[in-house]
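**Student:** sequence-free structure coming up:
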């Protein structure tokens, strides 16, 4: 199983970025794909999640209305899940990871079985 993120980079306050996560080796069954972020010295936190086959979505409270997760089998995007991030803030500068959990309900990092290498998102003030 491999997860590979792309799409990070530098953006100004209020700007947008779209992250992509390509999943290989997990094409069968339903599972949860989550986007996490990690600030320096902090634990990873779940930003958004989507169930692969059914497309049910979850968002952390502070990104609702600004971030959109899409893709997976239900979204007809094949083996890719996206995180569209709008109106970004400097305090959202972090490393963003995608991860897969062999369950359809989980928000804690320990519940996720597979991780990508992470992609840096920097929001300039």
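**Tutor:** Ah, there it is. These numbers were taken from a predicted model, which means no experiment stands behind them. Residues are numbered from 1 along each chain as shown.
**Student:** okay, the residue most central in space within the chain: pLDDT?
**Tutor:** The centre of the chain sits closest to residue 35, judged by C-alpha atoms, centre = their mean, with a distance of 2.1 Å. We have a pLDDT of 98 for residue 35.
**Student:** If it is in a bridge, with which residues?
**Tutor:** Residue 35 has the following beta-bridge partners by DSSP bridges: residue 48, residue 98.
**Student:** Could you list which residues are in contact with it?
**Tutor:** Residue 35 makes contact with 19, 21, 46-49, 69, 81, 83, 96-99 under the criterion C-beta atoms under 8 Å, 6 or more residues apart in numbering. Heads up, the C-betas are built off the backbone N, CA and C, glycines and all.
**Student:** Chain neighbours aside, what residue packs nearest to the residue sitting furthest away from the middle of the chain?
**Tutor:** For the chain, the largest distance from the centre (C-alpha atoms, centre = their mean) belongs to residue 125, which lies 22.9 Å off. Nearest residue to residue 125, sequence neighbours excluded (C-beta to C-beta, 6 or more residues apart in numbering): residue 90, at 4.3 Å.
**Student:** any idea how far residue 43 is from the one you found?
**Tutor:** Distance, residue 90 to residue 43, by C-beta to C-beta, to the nearest Å: 20 Å.
**Student:** again, but for residue 17
**Tutor:** 23 Å.
**Student:** out of these two, which sits in the busier spot?
**Tutor:** Ranked by neighbour count (other C-beta atoms under 10 Å), residue 17 and residue 43 place residue 17 first, with 20 against 9.
**Student:** Settle this for me: that one is touching residue 87, isn't it.
**Tutor:** No. With contact defined as C-beta atoms under 8 Å, residue 17 and residue 87 do not form a contacting pair (11.0 Å).
**Student:** Right, I'll leave it there.
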